[in-house]
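S.K.: When you get a sec, could you give me coordinates for this:
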Amino acid sequence: MTDDGNKLVHHRTVFDDWRSLTIGIYMALVGYAVMVGIPVISTSWVTNLGFSEVEVGRVAGADLGGLAIGAVISALFVARIDRRYLASGAALLAIAANLLCIFYQSYEVTLWLRLIAGIGSGVYTGIAVATIGGHSRPAFAFGLELFAFAGSQGAELKLLPFLSIEGVYVTLIITYIIGLLFISWLPRRPVDKTLDVEINVEEASGKHHTEHKHVPAYVPWMVLTAIVLTYINIGAYWTYIELSTVDSAASPEWVASMLWISSVFSVIGCLFAVLLSNRYGLARPLLVTLVFQASIVLMLVFGITNFAVAFSMFFFNFCWIFVDIYQAATIANVDHSGRFPAMIPAAQGLGNFLGPNIAASVLAFGFGYNGVFIMCASASIAAMLVYLYMYLMLKKTIPALADAS
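M.R.: Below is the predicted model of the structure:
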């Protein structure tokens, strides 16, 4: 709500049904499973398959880059084709690619199979995010999703190290099969396809009326650009955080335990994110969070110790949840067709593709992990600057949207 009492208007639809929200959240957890488990999976590729650090960056980049490609495909068709058919096809593609990864484990073949698996998960995740974003209270809906995300993240990072790489692939296959059993809960079509917002305007007399405002196309595109920059940071950090502690003052056992324990801190992040958005809107807390996230990554340049790793991981997860809720809710507030929300995994996947690959190049050029962390912090600050520009532009044109919760 703005200082003059104006605020966005939201209408309840089929996407507010608990079954729609439940299947959307479940599909999102499945689609993001590799991204969440990438620190453990990266280590498994090194220890079980003998991949080098640079090869791990390429394979992780292929998987997460496939997520971006799949989400773009999803965005093209999510408002046109029955979402149940689209999601089923994506699940079958991901199942097939993961199954083949069990039998073909060379670097070259794994690279291409992870790309294909990523495409399947990208389409699947794009539909999931579009479904969640259709809720009349997007910040609440994405808060629930990320609350579940925090739990699944902790479970993955705790349990996956006990599995062989083949066991990881089988687990991914099973999660997609379970989703297919409940595909009938997924709404088939979007309710609204316009890029407009309704604003409840309070007049000087105290009366209220509703105005329709067309949202400039640059708004969702700027959010997507900022998401790419944010996930360059996240992708590189999350791929190399465990490997960066090897031969450091940090204990390997401590680091492994912090990977899953720190994910619990994300639950606190969910609560604070929703509470702060209700009071201060989405934009202002997001700007502060991105600066803080950059600082907690940059602190690792000054030394990797047990305390530094724990502090960095805990608050990185805390900020990650903040950023995800605010970014997703911002796009969902302006687009109810599902096209731009479906692009969120594409932006995340592109950032996750670029992040590990840029980090791998930084390592290949001999700048070490300090260079990786500096690159991560720079990406987070760049994302903040994009959001700051967008916020200032919206304050002049649609203030109710700029300060929306």
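S.K.: need the contact list for the residue lying closest to residue 151 once chain neighbours are set aside.
M.R.: Excluding the flanking residues, the one nearest residue 151 by Cβ to Cβ, 6 or more residues apart in numbering is residue 267, at 7.4 Å. All C-beta spots, glycine's among them, are computed from the backbone N, C-alpha and C. Residue 267 makes contact with 147, 150-151, according to Cβ atoms under 8 Å, 6 or more residues apart in numbering.
S.K.: Of these, select the buried ones using a ChimeraX command.
M.R.: Burial among those is assessed by 16 or more other Cβ atoms under 10 Å; the matching ChimeraX selection reads:
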select :147,150
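S.K.: among the contacts of residue 267, which are in helices?
M.R.: Here DSSP state H is the test, and these give 147, 150-151 as lying in helices.
S.K.: With distance to residue 29 and pLDDT added, can I get those residues in JSON lines?
M.R.: Below are the ones in helices among the contacts of residue 267 laid out as JSON lines (distance: Cβ to Cβ, whole Å; pLDDT from 0 to 100):
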{"residue": "147", "distance to residue 29": "11", "pLDDT": "81"}
{"residue": "150", "distance to residue 29": "10", "pLDDT": "76"}
{"residue": "151", "distance to residue 29": "9", "pLDDT": "78"}
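S.K.: So which of those residues is the closest to residue 391?
M.R.: residue 147 (26.1 Å; Cβ to Cβ).
S.K.: Looking at the ones in helices among the contacts of residue 267, spot the one nearest residue 214.
M.R.: Nearest to residue 214 among these: residue 147, at 33.3 Å, using Cβ to Cβ.
S.K.: Find me the pLDDT at the closest residue to that closest one other than its chain neighbours, would you?
M.R.: Distance criterion Cβ to Cβ, 6+ apart; nearest residue to residue 147, sequence neighbours excluded, is residue 270 at 4.4 Å. Looking at residue 270, its pLDDT stands at 72.
S.K.: Following element in sequence after the helix or strand containing residue 270, please.
M.R.: Using DSSP states H and E, residue 270 sits in helix 252-280. Per DSSP H and E, the first helix or strand lying C-terminal to helix 252-280 is helix 283-298.
S.K.: Using CSV, list the CA coordinates for that following helix.
M.R.: Output in CSV follows, covering the C-alpha atoms of helix 283-298 (Å, rounded to 0.1, in the frame of the first residue of the first chain):
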residue,chain,number,x,y,z
ALA,A,283,11.0,-3.9,-3.2
ARG,A,284,12.7,-2.2,-0.3
PRO,A,285,13.5,-5.4,1.7
LEU,A,286,14.8,-7.0,-1.5
LEU,A,287,17.3,-4.2,-2.1
VAL,A,288,18.7,-4.5,1.4
THR,A,289,18.9,-8.3,1.2
LEU,A,290,20.9,-8.3,-2.0
VAL,A,291,23.5,-6.0,-0.5
PHE,A,292,23.7,-8.2,2.6
GLN,A,293,24.0,-11.4,0.5
ALA,A,294,26.9,-9.9,-1.4
SER,A,295,28.7,-9.1,1.9
ILE,A,296,28.3,-12.6,3.4
VAL,A,297,29.8,-14.1,0.2
LEU,A,298,32.6,-11.6,0.1
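S.K.: Renumber starting at 67 from here on
M.R.: With 67 as the first residue, the last one maps to helix 349-364.
S.K.: Kindly calculate the angle that it makes with helix 318-346.
M.R.: Using axes from the mean of the first three to the mean of the last three Cα atoms, to 10 degrees, the direction of helix 349-364 lies 160 degrees away from that of helix 318-346.
S.K.: Mind listing what's buried along helix 349-364?
M.R.: Residues 349-353, 355-356, 358-360, 362-364 are the ones in helix 349-364 that count as buried (16+ other Cβ under 10 Å).
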